[in-house]
Structure formats: structure tokens, C-alpha cells
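Chemist: The sequence and its predicted three-dimensional model are supplied below.
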Amino acid sequence: MARYTGPKTKIARKFGEAIFGEDKSFEKRNYPPGQHGNTRRRGKKSEYSVQLMEKQKAKYTYGILEKQFRNMFKKATAATGITGEVLLQLCESRLDNVVFRMGLSNSRSGARQLVSHRHITVNGGIVNIPSYSLKPGDIVAVREKSKSLETIERALSNSSSVFEWITWNSDQMQGTYVSVPARIQIPENINEQFIVELYSK
């Protein structure tokens, strides 16, 4: 699947926050990109501009392209519950995101690569589709042959995040997607209501 491979710091500066994780370059220049940097006067943004920005932030954060994101929105609209909240829950239930949340990679792009390269299993079977949607109770594990991978070991040693909706067993190198996270449990700084308003126009 095609995905964004351009400069990440530039995108992070556009949104004013390190949406791709820790970024030393962003910390040095945490103002918008462009020739005039933070000296340029920026007028008040239109409602559409604010909504579009929020949608783009969500897409870049989770590494999802427009067509797939729009399909997820349609799915969220058809589901019971608050559309914006359901949309974020669908993003969080993606296999690449859960692998990232479990600390097996320092970034979602790294987690996507682990899945694509067949290092991850779901309920005992290899799944190499990053967008695979997990259901509560699904067991995500590192494939036996991949447990000694240096990138995984390094990521796990640096990981300190704990999420109530995910359990992790470091001895067996496997975790369980316990439940669909509530909105309050999702740490991403995204105003999902703006995305709903944008798509509803």
C-alpha cells in the first residue's frame, strides 16, 4: 500500500506538535515551515481550514491515506455510537497501531514494517496486513523466529507506556487487545468532531 514517505519533521511543524513521536529536529524548530518561519503573519483560519487540518493530522498520525480514511469514516457512521469517537477507535484497533502501543516499535511506521515483514502473529497465525482490524480478545505476539530481533528488543527496553485496554507479557512477548478503548483512553490530541463536520458537508 502507498504511504507517506516524505520529511516527517516538516509535517510535525505544520501541525505544531510532534505527531510522529519524539523528534529532536522539531524541538529545535517548533514553528511552521516556510521561507519566513515564525515571523510570517498568519491570518485567522477559516472553519474549513481548521477542519481539514484536523483530518490531515489524524491521517498522518495513524499513517492512513485518504481513500482508506474515508472508508473508515463510512464504517464509523454506520456503527452505533458517536461517529468521531468510533472513527478513532477504528484507527486504534488497527494491527500496526496496537503493535506500536505494545511498545514493539518506537513509531507506527516501524510497527507497520514489522507487520508487513511477517514478524507479527494474531491468535497464532501470521498476519502481514497493517490495517487488519483487531477484535477484543485477540492475542498479538512476536513470531518465534523474530523474538531476537534487535529492533524489537531495543524498542521494548525504551517503552514505558501502559494502556488499560492492552495487556503485555514480556516473557512470552505477546499481548492481548483486551477491549475497544474509550475516547478518554486515547492519548492522541485530535478533535474528531472537526473531522465529522468536514466529511458531513
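Modeler: The structure has been received and is ready for your questions. Numbering: from 1, shown residues only.
Chemist: So in this protein, where's the weakest helix or strand by average pLDDT?
Modeler: Sorting the helices and strands of the chain by mean pLDDT, DSSP states H and E puts helix 24-28 at the bottom, at a mean of 53.
Chemist: for the next helix or strand along the chain from it, which positions count as buried?
Modeler: Remark: after helix 24-28, the chain's next helix or strand is helix 47-62, criterion DSSP states H and E. Within helix 47-62, the residues that count as buried by 16 or more other CB atoms under 10 Å are 51, 53, 54, 55, 56, 57, 58, 59, 60, 61, 62. Bear in mind the C-beta positions are built from the backbone N, C-alpha and C, glycine included.
Chemist: just checking, the second one touches residue 59?
Modeler: In other words, residue 53. No - Residue 53 is beyond contact range of residue 59, at 10.8 Å (criterion: CB atoms under 8 Å).
Chemist: so can I have TSV of the buried residues of helix 47-62 showing distance to residue 177?
Modeler: Formatted as TSV, those follow (distance: CB to CB, whole Å):
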residue	distance to residue 177
51	30
53	30
54	26
55	26
56	27
57	24
58	20
59	22
60	23
61	19
62	16
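Chemist: Residue 199: which of those is nearest?
Modeler: For the buried residues of helix 47-62, the residue nearest residue 199 by CB to CB is residue 55; the value is 7.8 Å.
Chemist: Neighbours of residue 135, how many?
Modeler: 11 (other CB atoms under 10 Å).
Chemist: Thanks a lot, see you next time.
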